[in-house]
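Chemist: let me see the structure of the following:
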Amino acid sequence: MGTDDGRLRAIVTEVTGAHGYDLEELTARPVGRRRVVRVVVDRDRAVSLDDAAELSRAISERLDGPDDPMGELPYTLEVTSPGVGRPLREPRHFWRSRGRLLAVTTGQGELTGHLLRADESGIELLVTGKKGAISPVAVPYDQITGAKVEVEFAAPSAAVQELLDAEGVTR
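Modeler: Here you go, the predicted model:
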């Protein structure tokens with residue numbers, strides 16, 4: 001008997017929600033004679049390795065229970081959080097990235113700046129110009145064609161950090 005993908009999704013969604021996580025991605029793919037079930041979760045605060053292990057145990061208990069959606073197939077469960085390079089699509093993705101350096105693509109080009117604000121209508125980036133001038137730039141979500149967090153190898157300038165601090169944004 002094979003995997004019941006609908007039941008798998010229902011169980012994983014229920015368990016992740018009960019533990020305070022948003023289910024960002026769920027895949028179950030065959031690898032040899034096993035299935036690899038990959039669960040990607042996120043929440044407002046960081047997801048630690050201990051958090052992922054605890055959630056993995058809770059999901060495993062349900063998958064191995066009487067309403068087992070995996071059938072006779074052995075499986076490997078992977079629980080993780082989204083990586084730095086994942087695309088930002090939902091307002092909650094942006095809100096959780098406040099203070100981080102983002103690369104945002106619009107129909108007019110690409111902007112790179114620190115995310116100061118995110119709400120239901122759009123974002124505000126702190127964009128640093130060539131001479132060090134900092135400009136807040138508002139971008140509505142309907143103009144964003146792509147966005148991701150950039151890896152930052154140095155702390156933001158003191159002026160950018162001061163503006164982030166004034167808004168209560170922690171990095």
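Chemist: spatially, what comes nearest to L88 if we skip its sequence neighbours?
Modeler: The shortest distance from L88 to any residue that is not its chain neighbour, by CB to CB, 6 or more residues apart in numbering, is 4.2 Å, and that residue is A147. Placement of C-beta: from N, CA and C, glycine included.
Chemist: contacting residues for the one you found?
Modeler: Each residue near A147 by CB atoms under 8 Å, 6 or more residues apart in numbering is listed here: P87, L88, R89, F94, L102, A103, V104, T105.
Chemist: same deal with D42?
Modeler: Contacts here follow CB under 8 Å, 6+ apart; on that basis D42 touches Y21, D22, E24, S81, P82, R92, H93, R96.
Chemist: where do the helices of this protein begin and end?
Modeler: Counting by DSSP state H, the segments of the chain that form helices are 5-18, 49-63, 91-95, 158-166.
Chemist: those helices: which one's closest to D142?
Modeler: helix 91-95 (11.9 Å; CB to CB).
Chemist: which residues sit against that closest one?
Modeler: Counting contacts by CB under 8 Å, 6+ apart, the residues outside helix 91-95 that touch it are D22, D42, D44, L88, L115, A118, D119, E120, I123, Y141, A147.
Chemist: low-confidence stretches in the protein?
Modeler: Applying pLDDT under 70 to the chain picks out residues 1-3, 171.
Chemist: show me how this structure divides into domains.
Modeler: Dividing the chain into domains by automatic domain parsing, as the record does, gives the ranges 5-80, 91-166.
Chemist: follow-up on the earlier one: which among the contacts of D42 count as buried?
Modeler: Buried members of those, scored by 16 or more other CB atoms under 10 Å, are Y21, D22, E24, S81, P82, H93, R96.
Chemist: redo these as TSV? Include distance to G132.
Modeler: Supplementary listing: these in TSV, determined by distance: CB to CB, whole Å:
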residue	distance to G132
Y21	40
D22	37
E24	36
S81	34
P82	32
H93	29
R96	28
